[in-house]
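# sequence isn't available, so here's the structure alone:
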């Protein structure tokens, strides 16, 4: 078992302390886990490190992973996932000594990379899961994320008590890469929803309606969604700060298009969504939240 007794939660190396990672690491610290932190910028860890001796810093992913029970990564892009786990030379978590027992990558990444990491980890006697999440900054802060898990069933059972500190909907989807494939479905659904959300709000304004009152009606009906409940109000008050970066969403949509092509699936709406979000990037909105699609004229 990962924890030798109920009074000793497993120690965790947490890699990546961005918009979501900081909150997620904080929940684990609240639950009594000893944390070792690593991120691209040490200043992103300062608030957690200030909480005391149960939380320490490591200069490299390998150092963070050495001697802990579990490694969790929540970084930006597939190349970041590859770097922190597979590393250059002996720089990744899989080169740690003593090695962790379990690796959980919660980044949205390529299914093929998840399978590769699981294979490399297995050769070293380490269990590995791909466990991307949905719910954005709100879900991370409230520990209400939806977590989509791929990997060995025994590893999933080992990880479940930790994942339950971070989310409320936690589903094992299948073998290595299955969590990432599920996240692609999630992003495909969100892409279409965001286009409709932006166009619907524009129509409401153009027709002389009060968009806030419109949301009261449609948000509780068949059109209701997480995006309408959480992101539409942000759009109306001019809040385009990131719960999830446009730059990261474009990355996700690109992975989904690549996977769809590999599977022989045609997804024209997904291609349109990606092109609109790329226009947002071209307008300098890449570090804004996905709701900033509303600022792209062609999306209105």
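Nice, thanks for sending it over. Treat the numbers as computed from the prediction; the structure is a model and nothing was measured.
# would you verify that residue 51 is located in a helix?
No - using DSSP: H, G, I helix; E, B strand; the rest coil, the assignment for residue 51 is coil, not a helix.
# that one touches residue 29, doesn't it?
Yes - with contacts counted by C-beta atoms under 8 Å, residue 51 reaches residue 29, the gap being 6.3 Å. The C-beta positions use only the backbone N, C-alpha and C, and glycine is treated the same way.
# who's more crowded, these two?
residue 29 (20 against 12; other C-beta atoms under 10 Å).
# residue 49 is in contact with that one, correct?
No - at 10.3 Å, residue 29 and residue 49 do not qualify as touching, with contact defined as C-beta under 8 Å.
# tell me, what's touching those two both at once?
Common contacts of residue 29 and residue 49 (C-beta atoms under 8 Å, 6 or more residues apart in numbering): residue 55.
# so what's the gap between stretch 16-24 and the chain middle?
Relative to its parent chain, stretch 16-24 has a centroid offset of 9 Å by C-alpha atoms, centre = their mean, to the nearest Å.
# residues in contact with that stretch: which ones?
14, 25, 37, 39-40, 44-45, 47-48, 72-76, 80, 84, 106-107, 133, 136-137, 139-141, 143, 145, 166, 242-245.
# first-to-last residue distance for stretch 257-268?
In stretch 257-268, first residue to last residue: 10 Å (C-alpha to C-alpha, to the nearest Å).
# flag every buried residue along that stretch.
Under the neighbour-count criterion of 16 or more other C-beta atoms under 10 Å, stretch 257-268 has 257, 259, 260, 267 buried.
# take these and keep only those in strands.
If you go by DSSP state E, the buried residues of stretch 257-268 have nothing in strands.
# looking at the residues you listed, spot the one nearest residue 279.
Distance to residue 279 across the buried residues of stretch 257-268 (C-beta to C-beta) is lowest for residue 257, with 16.2 Å.
# mind listing what residue 102 touches?
Taking C-beta under 8 Å, 6+ apart, we find residue 102 in contact with 2, 69, 70, 71, 126, 127, 128, 129, 155, 158, 159.
# rounded mean pLDDT for the helix ranked longest in the chain, please.
Using DSSP state H to define each element, the chain has its longest helix at helix 178-206. The average pLDDT for helix 178-206 rounds to 97.
# give me the low-pLDDT residue ranges for this structure?
For the chain, applying pLDDT under 70 flags the ranges 1-7, 89, 298-300.
# the following helix or strand past the longest helix of the chain packs against which elements?
Downstream of helix 178-206, the first helix or strand assigned by DSSP states H and E is helix 211-218. Judged by 3 or more C-beta pairs under 8 Å, 6 or more residues apart in numbering; DSSP states H and E, the packing partners of helix 211-218 are helix 178-206, helix 232-236.
# out of those, nearest to residue 96?
helix 178-206 (22.5 Å).
# let me know the angle separating the host helix or strand of residue 250 from helix 178-206.
Element membership for residue 250 (DSSP H and E) is helix 246-263. In terms of direction (axes from the mean of the first three to the mean of the last three C-alpha atoms, to 10 degrees), helix 246-263 departs from helix 178-206 by 120 degrees.
# show me what counts as buried in stretch 196-211.
Using 16+ other C-beta under 10 Å as the test for burial, stretch 196-211 gives 197, 198, 200, 201, 204, 211.
# the second one and residue 276, how far apart?
When C-beta to C-beta, to the nearest Å is the yardstick, residue 198 and residue 276 sit 9 Å from each other.
# please apply the same query to the fifth one.
Going from residue 204 to residue 276 by C-beta to C-beta gives 19 Å.
# surely residue 13 and residue 60 touch.
No - at 10.7 Å, residue 13 does not count as touching residue 60 under the criterion of C-beta under 8 Å.
# quickly list what's touching both of the two.
residue 38.
# so which of the two has more stuff around it?
residue 13 (29 against 17).
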